[in-house]
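Visitor: Below is the sequence, then the predicted model.
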Amino acid sequence: MGCKGSKEAKDDKQINGDFERVNIARFDEFFDNARQLLNNAEKVREGLEDNREKAAEISHTYLLKDPKYVDNVQVLFWALSAEANGKITDTGVKVTNEVPYIQLEGNKVSAESYNLYQTFSNYVKTVTDGPETLKDILAKLEEMSKTLPELGKEAKTEIQGSSLGLQEKAQAIAKVGKNSAKLPKELKKCQNLSELLKQAATDLKELAPQLPSLLTKADEVGAKAAEANAKRPAEVFEQFHTGARKDEKKPEKKAEKKAAAPKEEKKTEEKAEAPKTEAPKVEEKHEAPKVEEKHEAPKAEEKHEAPKAEENHEAPKVEDLQVAEEKPAQSNEQPEEVNLH
């Protein structure tokens, strides 16, 4: 269904008092007491969270982006008015100052609308009575949790000295350890539930004064819903509740993802092509013509031109000849190095 999560998520919320039997009276009695306390705490959780979820499912308010409990009540009044063709008073619904603040008999309304009313009634009773009930449960569970370390030591001693077989002793000790590890986790759930009840109580204080006005104004929408033949709570919500929906932005997100995909592909293409664009840069840096211009043989010839020796009419010195022979040798070696590149 719409607002409910997976089974695993719901199991995580539930307060579980299922402890394994140790088959030794003293330890089984201890965990039986803890089981009873946790089961009572689970009833409080069901009254708060399960009724709130049921109301959201019936009214479809789980589709809202920011749902409030008042939305469930508003849809209830609209649906009741629609069933009575725009005259909610014909259903016999009343707003009172006593818990659960709304009174309604089921013989004049549809089963679906009455179920929505019952979830509200149970929710309000839990929010009102739950805190005191849970406070007593928490006090006892917290005290029991403090004794767990000592209980574990005593269990090992007593079980090892019992008449159980070796395998049975090992299993019994393991069960005490498993149960002892479980109890603090369930206690934590109870503590979290206490905080949820406090918030729900605050919300209810804000909701209660609004009920008379919501009832009085219900016919404004209820009459329109009746004309549109929308009388079920979900139908009334979908056609007349103007609150922002959760899925209103989903199409935009999908479009964004599709638009983002080509950009990523372009990035990968650019990365793949990068080596191709870098290759010409390497060739420009090592072009053979630039090296040849720096080491041209004619420069060496200009420095040691033979005509200079003829103009002086002097016989070349032995030293000059040696220099002339060495320098052309160097100029001949340099082009060979260029060819190696």
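Guide: Looks like it arrived, so ask away.
Visitor: what is the mean pLDDT for stretch 67-77?
Guide: Across stretch 67-77, pLDDT averages out at 97.
Visitor: Buried residues, that stretch. List them.
Guide: Using 16 or more other Cβ atoms under 10 Å as the test for burial, stretch 67-77 gives 67, 69, 71, 72, 73, 74, 75, 76, 77. Every C-beta, even on glycine, is put in place using the N, C-alpha and C of the backbone.
Visitor: isn't the second one right next to residue 203, touching?
Guide: Yes. The criterion here is Cβ atoms under 8 Å, and residue 69 meets it with residue 203 at 5.9 Å.
Visitor: so where's the stretch 101-250 of the chain uncertain?
Guide: Where the stretch 101-250 of the chain drops to pLDDT under 70, the residues are 248-250.
Visitor: How much space separates the nearest residue to residue 66 once chain neighbours are set aside from residue 111?
Guide: The shortest distance from residue 66 to any non-neighbouring residue, by Cβ to Cβ, 6 or more residues apart in numbering, is to residue 244 (7.1 Å). Between residue 244 and residue 111 the computed distance is 30 Å (Cβ to Cβ, to the nearest Å).
Visitor: can you check residue 68 too?
Guide: With Cβ to Cβ as the criterion, residue 68 and residue 111 are 25 Å apart.
Visitor: Identify the farthest-apart pair in the buried residues of stretch 67-77.
Guide: Greatest spatial distance in these: 67 and 77, 16.4 Å, computed using Cβ to Cβ.
Visitor: How about the contacts made by residue 226?
Guide: Shown in contact with residue 226 (Cβ atoms under 8 Å, 6 or more residues apart in numbering): 81, 82, 83, 84, 85, 86.
Visitor: Now do the phi/psi pair for residue 94.
Guide: phi -140, psi 150 (degrees, to the nearest 10).
Visitor: what sits against it?
Guide: Counted by Cβ under 8 Å, 6+ apart, residue 94 has contacts 102, 103, 104.
Visitor: what comes up buried for the strand or helix carrying residue 38?
Guide: Using DSSP states H and E, residue 38 sits within helix 25-45. By 16+ other Cβ under 10 Å, the buried positions in helix 25-45 come out as 27-28, 30-31, 34-35, 37-38, 40-42, 44-45.
Visitor: List just the nearest of those residues to residue 139.
Guide: Residue 139 lies nearest to residue 37 out of the buried residues of helix 25-45, by Cβ to Cβ, at 9.8 Å.
Visitor: Could you report the separation of the nearest residue to the closest one once chain neighbours are set aside from residue 208?
Guide: Excluding the flanking residues, the one nearest residue 37 by Cβ to Cβ, 6+ apart is residue 137, at 5.1 Å. Here residue 137 is placed at a distance of 26 Å from residue 208 (Cβ to Cβ).
Visitor: again with residue 99
Guide: As defined by Cβ to Cβ, residue 99 lies at a distance of 9 Å from residue 208.
Visitor: got it, and residue 140?
Guide: 31 Å.
Visitor: List the residues that contact residue 44.
Guide: Here residue 44 is in contact with 126, 130, 133, 134, 137, 193, 197 (Cβ under 8 Å, 6+ apart).
Visitor: Quick check: the second one touching residue 198?
Guide: No. In terms of Cβ under 8 Å, residue 130 does not count as a neighbour of residue 198; the distance is 10.1 Å.
Visitor: Downstream of the helix or strand residue 159 falls within, the next helix or strand is which one?
Guide: Assigned by DSSP H and E, residue 159 belongs to helix 148-160. Sequence order places helix 166-207 as the next helix or strand after helix 148-160, per DSSP H and E.
Visitor: What angle do helix 25-45 and that following helix make with each other?
Guide: If you take axes from the mean of the first three to the mean of the last three Cα atoms, to 10 degrees, helix 166-207 sits at 20 degrees to helix 25-45.
Visitor: So which bits of whichever helix or strand comes after helix 166-207 are buried?
Guide: Sequence-wise, the next helix or strand downstream of helix 166-207 (DSSP H and E) is helix 211-227. Within helix 211-227, the residues scored as buried using 16+ other Cβ under 10 Å are 211, 214, 215, 218, 219, 221, 222, 223, 224, 225, 226.
Visitor: Switch these over to JSON lines; also include distance to residue 150.
Guide: Shown next, in JSON lines, are the buried residues of helix 211-227 (distance: Cβ to Cβ, whole Å):
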{"residue": "211", "distance to residue 150": "52"}
{"residue": "214", "distance to residue 150": "55"}
{"residue": "215", "distance to residue 150": "57"}
{"residue": "218", "distance to residue 150": "60"}
{"residue": "219", "distance to residue 150": "65"}
{"residue": "221", "distance to residue 150": "62"}
{"residue": "222", "distance to residue 150": "63"}
{"residue": "223", "distance to residue 150": "68"}
{"residue": "224", "distance to residue 150": "67"}
{"residue": "225", "distance to residue 150": "63"}
{"residue": "226", "distance to residue 150": "67"}
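Visitor: Of those residues, which is the nearest to residue 92?
Guide: Among these, and counting by Cβ to Cβ, the member closest to residue 92 is residue 215, at 12.0 Å.
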